[in-house]
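> whatever this is, show me its structure:
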Amino acid sequence: MIDCDLCLEKITYKKKAILKGFEATDDVSLFIRVLDRAIEHAQYGLYCVDRESVYSHHAVPDQYRFMIEGSSVDYSGIITIPGVFRLFDRISEDLRVIAESLLMGMSVLFPERSFEAMEVRNRILHFNEILRDPDCITNQPGLPFLRIHGTDNTDTLYGIIHLARCTLKEMIHHLTPREEYGAYCYNLESSDRFMIRAFMQGVNRMRGSDSFDYPITLGIKDRDTLIIGLFMDEYHERYSLIKIKGLSLTIQLFERYPNPMNSFSCHMAPLQILWRRSYPVYESFDDTMADTLPIESGSFHARSLTDAMQFLSDAGYYISRYSPEYHSRGKIAG
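Residues are numbered from 1 along each chain as shown. Purely as a prediction, here's the structure:
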């Protein structure tokens with residue numbers, strides 16, 4: 001991942017969740033190809049594995065070929081595929097991941113696309129319920145949903161997974177940054193750009209002639225809250241978040257080893273806000289991302305948009321001016 005993606009994980013877990021679901025679609029597509037060829041081999045005795053195309057996109061890896069070659073059907077039409085229930089368990093888990101990823105990423109889509117994503121998610125959950133029936137592989141009317149009839153057929157699991165993959169790819173696109181005013185911006189509305197510009201004006205007042213990889217500034221719209229993050233170093237042990245909802249602004253300052261006599265909040269007295277210290281509790285898609293950085297937080301309620309923009313400009317200046325990076329380098333790049 002690039003640096004801005006690593007920083008993004010501190011703000012929102014959406015992109016990591018969506019990428020996990022996107023990767024799961026590849027696994028499910030492979031498993032369906034294995035099942036499709038195993039069913040065809042059992043029903044028609046066709047050897048469907050093209051050994052000359054093992055490096056092609058649609059090739060079946062060697063570890064799954066025993067399922068195809070060992071598949072059979074008895075006189076009553078019941079299909080037997082070795083290892084099929086273990087494969088069903090893996091598909092079921094991947095479908096759960098994909099469904100959760102779709103749910104996590106709906107807020108980055110436009111309303112009409114969000115509704116379509118919900119429909120895709122519901123279809124995936126429906127197919128997952130079918131897979132829980134151990135007789136689904138022997139149920140002749142139910143077999144078609146495991147077959148491949150093109151990527152446009154959403155009555156099959158293969159088709160709905162292809163649609164889910166396209167939807168997740170669109171979500172990833174929305175969470176791909178665009179640089180504006182020196183900040184990496186994700187999923188912003190037009191009005192949010194004024195806030196980003198105001199903050200970066202304050203940050204850029206400390207800009208030196210040299211350019212550094214850090215600090216990295218991120219701006220992302222998460223539901224109805226605009227989040228601006230300023231990361232001061234590659235270890236992500238000192239950073240600030242500003243959360244804006246309407247005209248209410250909250251600043252959170254994170255430090256790994258805070259010094260009460262020389263903390264961020266001490267230098268931000270001109271902002272005239274009351275600070276309090278606490279420790280975060282994260283509930284995320286991946287709990288391994290949780291950390292225990294102490295937080296100094298303060299709130300400000302602006303009287304107008306102009307008032308909010310002035311506050312952001314001042315906050316950007318003071319955070320940049322008194323950050324440890326400024327003291328160590330003598331200048332800071334916005």
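> distance of the residue nearest to Ile273 when sequence neighbours are not counted from Ile196?
The shortest distance from Ile273 to any non-neighbouring residue, by CB to CB, 6 or more residues apart in numbering, is to Gly298 (3.8 Å). To be clear about C-beta, it is placed using only N, CA and C from the backbone, and glycine gets the same treatment. Gly298 is 20 Å from Ile196, where distance means CB to CB, to the nearest Å.
> neighbour count winner among those two?
The neighbour comparison of Gly298 against Ile196 (other CB atoms under 10 Å) goes to Ile196, with 23 against 18.
> was I right about that one contacting Cys185?
Yes - counting by CB atoms under 8 Å, Ile196 sits close enough to Cys185 to count as a contact (6.2 Å).
> quick revisit: element containing the residue nearest to Ile273, please.
According to DSSP states H and E, Gly298 maps onto strand 295-301.
> what pLDDT does Asp233 get?
Looking at Asp233, its pLDDT reads 63.
> what's the answer for the one 4 residues further on, then?
The per-residue pLDDT reported for Glu237 equals 63.
> now the helices for the protein?
3-11, 14-44, 65-69, 84-105, 111-131, 157-174, 190-204, 264-267, 305-321, 324-329 (DSSP state H).
> go through those and find the least confident stretch.
Looking at the helices of the chain, the lowest mean pLDDT belongs to helix 324-329 (a mean of 44).
> the residue of the chain most remote from its centre and Glu179, how far apart?
In the chain, counting by CA atoms, centre = their mean, Tyr75 sits farthest out from the average C-alpha position, at 48.7 Å. Remark: distance between Tyr75 and Glu179 (CB to CB) = 67 Å.
> ok so, going back, so which elements touch the strand holding Gly298?
strand 248-255, helix 264-267, strand 276-278 (3 or more CB pairs under 8 Å, 6 or more residues apart in numbering; DSSP states H and E).
> let's see it at 6 Å
strand 248-255 (3 or more CB pairs under 6 Å, 6 or more residues apart in numbering; DSSP states H and E).
> what about the spatially closest residue to Leu102 that is not a sequence neighbour, how many neighbours?
Among residues not flanking Leu102 along the chain, Arg121 sits closest, at 4.3 Å (CB to CB, 6+ apart). By other CB under 10 Å, 21 other residues sit near Arg121.
> in JSON lines, list the helices of the chain along with distance to Asp224.
Shown next, in JSON lines, are the helices of the chain (distance: least, CB to CB, whole Å):
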{"stretch": "helix 3-11", "distance to Asp224": "15"}
{"stretch": "helix 14-44", "distance to Asp224": "15"}
{"stretch": "helix 65-69", "distance to Asp224": "48"}
{"stretch": "helix 84-105", "distance to Asp224": "16"}
{"stretch": "helix 111-131", "distance to Asp224": "13"}
{"stretch": "helix 157-174", "distance to Asp224": "16"}
{"stretch": "helix 190-204", "distance to Asp224": "11"}
{"stretch": "helix 264-267", "distance to Asp224": "27"}
{"stretch": "helix 305-321", "distance to Asp224": "15"}
{"stretch": "helix 324-329", "distance to Asp224": "32"}
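> these: which one's closest to Ile251?
helix 305-321 (6.2 Å; CB to CB).
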